[in-house]
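Asker: Pasting the sequence and the predicted coordinates here, then a few questions.
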Amino acid sequence: MQWLTQEFLTNRIMQNTNENFSFKKYAWTQFKKNKIALVSLYLLLILVVIALFAPYIANDRPLYCEYEGNTLYPAFVADTRSDSIFNTEGKFVQFLQYDITDWRQLDLTAVIWAPIPYSAGSMDRYNRDYAAPGGEQRFKNPAGEIIDIPARFRHRLGTDGIGRDLASGLIHGTRISLMVGLVSMGIASVIGIILGALAGFFGDTKLKMPRIKYWLTLFGIFMGLFYGFGQRKYELAAGFNEGFGGGMWEIFISILIIIGVTVFFRLLSKPLQFGKLKEEVSVPIDTFVSRGIELLNSIPRLLLIITITAVVERSIWIVMMIIGITGWTRIARFTRAEFLRIRSLEFVQAAESLGYSSARTIFKHALPNSLAPVFVSIAFGIASAILIESGLSFLGIGVPDDIVTWGSLLNLGRQNLEAWWLIIYPGIAIFITITIYNMIAEASRDALDPRLKS
């Protein structure tokens, strides 16, 4: 009797342990065991904070100042802002246009400068021609005298050939690099996950449709891509030149055109479904996706991106789109492999037996259980995207010349090898960022190993 009681208690304890087991907590515990990856995660959070607050960390306008009895917050207003300044007696003193005013030349009663008192694109004409970090630097005070630069306004990491501060360029380049990685891999993730899920779930034989509908659907997709992107490349470029919102709106219109054209040809197939044209055929989705992956992988990615960027107008958003559109293959392969594994498991078969639609089965039941290796691939992809953008900017064919990135700073150093600070510091920034993402990805791969779920 005592033996049965002990056995019963042991079984209950094991049952409660299994019921309380959380793979998310277990994966986080495994991730924290990798101290290097944990430090990398904290460093990534620091980079995110720097990217978010870059305009207030490096800015040539004060965060707060008092001028002629007026309290101003120049760093927190739009570049096109302008003010009429009146003294304490109410008399007009000066008209300030925020984007062209040299705030260092004003007689400010009180002032709080940004930690780095220079913007990424602002030029210091008194420290042109590659002012070295520890070398002589000059400054024009409010009295109009050229003196040795005060410690507060010193270019700690030096300047480039036209007097732009390197430290400010690195700070604002952090925002560009992280944005390139996240946006481009966001695009790649959407494409790769959807195509990989469809290929892995349906395979080559599971999805069937009438022969004429299959042919017209393929023709509709081709025509939709042609009219949605091929014929609207200038509208897309103009939209991204206006800003991120305009570019995304143009992409949304292109997607609607693709969907509309495809639906039109599918509807056109209904009155043509007779005889041989009505026979159902298998749609080889897996073959289409696999051949597309092989086609993109057979072309050197950097060469393909360089070719496309040479044709379209130079824009940071266009670069993000190109990197994303050409970087979905790895994600699609992992998603497809996971769906091939789980489509025969009990919960997927149960969803199909209950009559759930394929879309619900794929995106609500199967997809959440197959994303663990995909997240690892996305982390590696972000590092790769940052490296590609840096390489394009280094070659001078990536972003426009007025946008400062780590790669463009390296390009400036290539033009003058004596300005070693333009090579060392951006190179260190790129190396640290790529290493951070790789360390996080490797630790995530170990922590999210599907074999640990059991």
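Answerer: Ah, there it is.
Asker: residue contacts, R175?
Answerer: For R175, the contacting residues are I50, A51, L52, A54, by C-beta atoms under 8 Å, 6 or more residues apart in numbering. The C-beta positions use only the backbone N, C-alpha and C, and glycine is treated the same way.
Asker: check contacts around the third one.
Answerer: Meaning L52. R175.
Asker: go on, the first one?
Answerer: With contacts taken as C-beta under 8 Å, 6+ apart, I50 has the following neighbours: I57, I171, T174, R175.
Asker: which of the residues you listed count as buried?
Answerer: I57, I171, T174, R175 (16 or more other C-beta atoms under 10 Å).
Asker: where's L417 relative to G391, distance?
Answerer: Using C-beta to C-beta, to the nearest Å, L417 is found at 19 Å from G391.
Asker: should've said G260
Answerer: G260 is 38 Å from G391, where distance means C-beta to C-beta.
Asker: neighbour-wise, which of the two wins?
Answerer: Neighbour tally, G260 and G391, criterion other C-beta atoms under 10 Å: the higher count belongs to G391, 17 against 13.
Asker: The more buried one sits in which helix or strand?
Answerer: helix 372-395 (DSSP states H and E).
Asker: looking only at pLDDT, what's the mean for the helix or strand following that helix?
Answerer: Following helix 372-395 in sequence order, the next helix or strand is helix 406-415 (DSSP H and E). Per-residue pLDDT values over helix 406-415 give a mean of 85.
Asker: helix or strand right after helix 406-415?
Answerer: helix 421-447.
Asker: how big is the angle separating that next one from helix 406-415?
Answerer: Computed with axes from the mean of the first three to the mean of the last three C-alpha atoms, to 10 degrees, the direction of helix 421-447 lies at 140 degrees from that of helix 406-415.
Asker: going forward can the numbers begin at 34, since that is how I track them
Answerer: Will do, 34 is the new start, and the previous item becomes helix 454-480.
Asker: Who are the packing partners of helix 454-480?
Answerer: Packed against helix 454-480 by the contact rule (3 or more C-beta pairs under 8 Å, 6 or more residues apart in numbering; DSSP states H and E) you find helix 56-66, helix 68-85, helix 199-235, helix 405-428, helix 439-448.
Asker: what's the distance between stretch 98-105 and the middle of its chain?
Answerer: Centre-to-centre, stretch 98-105 and its host chain are 39 Å apart (C-alpha atoms, centre = their mean, to the nearest Å).
Asker: Just the terminal-to-terminal distance for that stretch.
Answerer: 5 Å (C-alpha to C-alpha, to the nearest Å).
Asker: Could you give me the buried positions within it?
Answerer: C98, Y100, E101, N103, L105.
Asker: Would you mind listing the residues in contact with the residue nearest to the spatial centre of the chain?
Answerer: When C-alpha atoms, centre = their mean is applied to the chain, the residue found nearest the centroid is L215 (1.9 Å). L215 makes contacts with I415, as judged by C-beta under 8 Å, 6+ apart.
Asker: For it, give me the pLDDT.
Answerer: Here the pLDDT value assigned to L215 is 87.
Asker: and if you look at M34?
Answerer: 43.
Asker: that older thread, so of the buried residues of stretch 98-105, which ones are in strands?
Answerer: Using DSSP state E, the members of these that fall in strands are C98, Y100, N103, L105.
Asker: Below-threshold pLDDT in the stretch 334-483 of the chain: ranges please.
Answerer: Residues of the stretch 334-483 of the chain meeting the criterion pLDDT under 70: 345-346, 431, 482-483.
Asker: Give me the local confidence score for Y106.
Answerer: 86.
Asker: same question, Y89
Answerer: 91.
Asker: Now for it, how many residues are close by?
Answerer: For Y89, using other C-beta under 10 Å, the count is 12.
Asker: With L404 instead?
Answerer: When neighbours are counted by other C-beta under 10 Å, L404 comes out with 17.
Asker: Let me see the ranges of the helices in the stretch 34-183 of the chain.
Answerer: 35-52, 56-66, 68-85, 87-90 (DSSP state H, counting those that start in this stretch).
Asker: ranking the ones you listed by mean pLDDT, which is last?
Answerer: Looking at the helices of the stretch 34-183 of the chain, the bottom one is helix 35-52 with a mean of 46.
Asker: ok, back up a step: can you tell me which two in the ones in strands among the buried residues of stretch 98-105 are farthest apart?
Answerer: In terms of C-beta to C-beta, these reach their longest pairwise distance at C98 and N103, which sit 8.9 Å apart.
Asker: Quick check: closest non-adjacent residue to D319.
Answerer: A232 (4.4 Å; C-beta to C-beta, 6 or more residues apart in numbering).
Asker: ok, the one you found - contacts?
Answerer: I318, D319, F321, V322, S323, A365, R369, F372.
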